[in-house]
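Trainee: Task: produce atomic coordinates for the following.
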Amino acid sequence: MSCVIQYGDMNFREILHTTVQHVKAAFGRDGLLFVFFLVVSVIFWFMLTVNDEAVKEFHIGVDVTDVPEGITLINEPPKQISVMVRDRGTSFLKYVFKSDPVISLNFEDFQKTNNLFSVSRNELLTYIRNTVGANASIISINPDSIRATYTTLPPRKVKLIVNTDVTPSNECVLSGRIKSSVDSVWVYSMSPLAADFDRVETQLVYASGLKDTAVYKTHVKPIAGMRFVPSDVEITVPVEPLIRKQAVVPLVVDNLPENVNLITFPSTININYLIPMSMYKRVFANIKAHVDYNMLVDANTTEKLPVMVFPVPELVRDLSFSPDSVEYLIETR
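Mentor: Below you'll find the model as predicted:
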């Protein structure tokens, strides 16, 4: 009884015959024999090699199962451990097409007193040998034991303070409040929290020369014996470019006596400033140019009065104006 493997419209024998004919046409009979013996040599080399002893590093996942309701791990066990194993090469073939192995640790099997979850080196070795095989020699384990603390106390929700030191480039500006992806976190603690414990902060986010809105991932600043959920947050720093804008503002005379009229030449001032792009169409009606009548009396000035521009909105940058002084005419009523 013969077995014929079909592949499309051709069976295996036809494919083999066609392949041999192509090789023979390309290399001749001697070339065909060379290719045949080369393939046989590679097969023998592979069989001899995989039977030798070899050292392989495994990354074995750790899964803590059956954690009772009401118990929260404060510091998480490692997600995986690295294991160096010596064994025959054939023993490693079963892992070629498989994902990294995982060991499952039942929480109650390793629950100790004093809120401790602990797996010793010998206990860990037992699980690893069951995974990689009893004949394998385990050279090293990292970490070589597992320890984690847990709590049965309920969590408290506290405010999250964003801790940043960020500055935009000279051509840009912070265009709003720096925000976190959450404004509060849950705190799990080994011992009862103080009554006034109502806030935690992120680790410092530092950046300078920003030219566009940026998002940074950071951690809640750790505190011994506590776990925060979430422990990682995203900080958004809103940045937008500054563009130049010009305007003409009226000139106002301050401290003018009732029986005096002061006329300035000119009566308006040209101002030039930088503003965030999103606010370009906004009119700052409260920006005015000022001259002070008292300066005539105090300094006995007769030529020109100096100009001052105020108030200047916080978002306005690099304000300049022209002229910086004006001529005047005084009329008595």
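Trainee: Now do the residue at minimal distance from the centre of the chain against S231, distance only.
Mentor: The residue lying closest to the centre of the chain (CA atoms, centre = their mean) is K217, at 2.8 Å. Using CB to CB, to the nearest Å, we find K217 at a distance of 11 Å from S231. Glycine gets a C-beta too; all of them are placed from N, C-alpha and C.
Trainee: what's the answer for P68, then?
Mentor: 22 Å.
Trainee: can you check T268 too?
Mentor: 58 Å.
Trainee: thinking again about what came up before, and the helix or strand that contains the residue nearest to the centre of the chain, what's its mean pLDDT?
Mentor: Using DSSP states H and E, K217 maps to strand 214-219. Average pLDDT, strand 214-219: 96.
Trainee: What is it packed up against?
Mentor: Strand 214-219 sits against strand 205-210, strand 232-237, with contacts defined as 3 or more CB pairs under 8 Å, 6 or more residues apart in numbering; DSSP states H and E.
Trainee: Please repeat the previous calculation with a cut-off of 6 Å.
Mentor: strand 232-237 (3 or more CB pairs under 6 Å, 6 or more residues apart in numbering; DSSP states H and E).
Trainee: Within the sheet, what are the partner strands of the next helix or strand after the strand it packs on, with directions?
Mentor: Using DSSP H and E, the next helix or strand after strand 232-237 towards the C-terminus is strand 239-254. Strand pairing for strand 239-254, determined by DSSP bridges: strand 172-174 (antiparallel), strand 268-276 (antiparallel), strand 288-292 (parallel).
Trainee: nearest to D318, of those?
Mentor: strand 268-276 (4.8 Å; CB to CB).
Trainee: ranges for the helices of the protein?
Mentor: Here the chain has its helices, by DSSP state H, at 12-50, 89-92, 121-132, 294-299.
Trainee: Contacts only, for E331.
Mentor: Contacts for E331 (CB atoms under 6 Å, 6 or more residues apart in numbering) come out as N261.
Trainee: just to revisit the earlier point, leaving out chain neighbours, which residue sits closest to the residue nearest to the centre of the chain?
Mentor: E234 (5.6 Å; CB to CB, 6 or more residues apart in numbering).
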